[in-house]
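K.L.:
what's the 3D shape of this:
(one chain, ligands or ions: 1)
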Amino acid sequence: MAFKNEQLIQIYQQLHQIPELGLEEFETHQFLLTTIHQMNQENLKYQTTDKLPTSLVVKVNGKKHTKRIGYRTDIDGLPIVEQTGLSFASKTNGRMHACGHDIHMTVALGILDYFADHQPEYDLIFIFQPSEENHSGGMKLYQSGILDDWMPDEIYAFHDNPNLPTGAIGSTNGTLFAGTCEIHADLEGLSGHAAFPHAANDMAVAVSAFVMQLQTVVSRNVDPIEGGVVTIGHINAGDTGNVIAGHAHVDGTIRSLTQVNNLKMQKRVQAIAEGVALTYSCQVNLTLHQGGYLPVENNHETTTDFIKYMKNNQSVNFIETKPAMTGEDFGFLLSKIPGTMFWLGVNSPYSLHSEKLAPDTNAIFPGIQAMTGFLEHRFQTIDN
Ligand SMILES: CC(=O)N[C@@H](CCC[C@H](N)C(=O)O)C(=O)O
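P.N.:
Take a look at the predicted model:
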């Protein structure tokens, strides 16, 4: 097929219009299959699994089969009401590709299309993974066994970065992304009339105290040089102004660059929950879920080669980046298969997860070129 740049932009726009939440990416899965079936099928083989119905693995048969290189993209969207004003904005209200996974998929399709037309030296394994944002899609994919017959010897992936120039490639050896642990809590008190607080147990007050005390977890317990984050992104308590809330709920996330600090922060969150329960005579049902969101640890050998290649490639703007507190369940796959994650600059004034995020699509072609070039280079070095 050899998609031209305009076709890739069109693919991106079509994907942007059909965002779906993790484990629900059925239309996306079908779109990917339809698009890949337009490519040269001579060396392509497909793998799906009922255990993870929206996952897809495509193998490009290489000239040699002694090594396999994996390339992974995530495919899920977020529960966000898009406000970009784009002509190709999401067709589903309350669903948006606000993390750039549509860019990830488009670059992956472009790389796959190239190698469908240019048989690689070794087998390439393209992984279209559901549910990166939640439900630990990477861990689910690995544990489904879909990779077992085609297990890569090394693996690569990228994340778009609105803070880097369009098309820039960023990475670093060692830790690139944080490990995360989700926080979910329900507080149970007693509802009542706003005029008689003494006859109720107000969970709006208790949950406010809980959220504010969580702000001490990092500031008073984590080495400032190492850093950490506790964010509560969702709070719900009560329904109207003159009724005391008998129930409250929060959802949030813990971030750290080491597993030791993650566990330390989890213990502090647990202790604060127990303290709030005692102080406000209420029940606090706390769930801490780490799942597959391990720190993204770049393998030294593959990353050193990746950085050296990108720095020596005159057509690539390579930027050495610092670790970030974003989570990415590619960290789970890297805990099983050595490899490298990198950033691709998309130069947007709005951040990841913003309802106004509109990545610069001029990043797509450079991203494809940089990665196909690196894989061609890797074929020459992989056996040495
Ligand atoms: C790149 C990115 O935005 N990843 C997500 C991963 C979320 C993991 C988990 N659901 C959590 O909230 O901890 C992120 O929010 O960093």
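K.L.:
Please, where are all the helices along the stretch 1-150 of the chain?
P.N.:
5-16, 26-36, 101-117, 137-144 (DSSP state H, counting those that start in this stretch).
K.L.:
Which positions in stretch 368-379 come out as buried?
P.N.:
For stretch 368-379, the neighbour count (16 or more other C-beta atoms under 10 Å) marks I368, Q369, A370, M371, T372, G373, F374, L375, H377, R378, F379 as buried. C-beta: built from backbone N, CA, C; applies to glycine.
K.L.:
Among those residues, which one sits closest to G252?
P.N.:
M371 (34.1 Å; C-beta to C-beta).
K.L.:
what helices or strands is the strand or helix carrying the closest one leaning on?
P.N.:
Assessed by DSSP states H and E, M371 sits inside helix 364-381. Judged by 3 or more C-beta pairs under 8 Å, 6 or more residues apart in numbering; DSSP states H and E, helix 364-381 is in contact with helix 5-16, strand 64-74, helix 101-117, strand 154-161, helix 300-312.
K.L.:
Which among the ones you listed is found nearest to the ligand?
P.N.:
Taking C-beta to the nearest ligand atom, strand 154-161 is the member of the helices and strands packed on helix 364-381 nearest to the ligand, at 5.5 Å.
K.L.:
so after that closest one, what's the next helix or strand?
P.N.:
Next along the chain after strand 154-161, taking DSSP H and E as the criterion, comes strand 169-171.
K.L.:
mean confidence for that next one?
P.N.:
Taken as a whole, strand 169-171 has a mean pLDDT of 98.
K.L.:
which residues make contact with the next helix or strand after it from outside it?
P.N.:
Using DSSP H and E, the helix or strand that follows strand 169-171 towards the C-terminus is strand 174-177. Here strand 174-177 makes contact (C-beta atoms under 8 Å, 6 or more residues apart in numbering) with 159, 257-258, 295-298, 300, 321, 323-328, 330-331, 341-342.
K.L.:
Now go through the residues you listed and say which are in helices.
P.N.:
Cross-referencing these against helices under DSSP state H gives H300, F330, G331.
K.L.:
sorry, back to before: so which of the helices and strands packed on helix 364-381 is nearest R95?
P.N.:
Nearest to R95, of all the helices and strands packed on helix 364-381, is helix 5-16, at 10.8 Å by C-beta to C-beta.
K.L.:
Using PDB, write out every CA atom in the closest one.
P.N.:
Provided in PDB are the C-alpha atoms of helix 5-16 (Å, rounded to 0.1, in the frame of the first residue of the first chain):
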ATOM      1  CA  ASN A   5       1.500  11.300   4.300                       C
ATOM      2  CA  GLU A   6      -1.900  12.600   3.400                       C
ATOM      3  CA  GLN A   7      -3.400   9.100   3.800                       C
ATOM      4  CA  LEU A   8      -1.700   8.800   7.200                       C
ATOM      5  CA  ILE A   9      -3.200  12.100   8.300                       C
ATOM      6  CA  GLN A  10      -6.600  10.900   7.200                       C
ATOM      7  CA  ILE A  11      -6.100   7.600   9.100                       C
ATOM      8  CA  TYR A  12      -5.200   9.700  12.200                       C
ATOM      9  CA  GLN A  13      -8.300  11.900  11.800                       C
ATOM     10  CA  GLN A  14     -10.600   8.800  11.400                       C
ATOM     11  CA  LEU A  15      -9.100   7.300  14.600                       C
ATOM     12  CA  HIS A  16      -9.400  10.600  16.400                       C
END
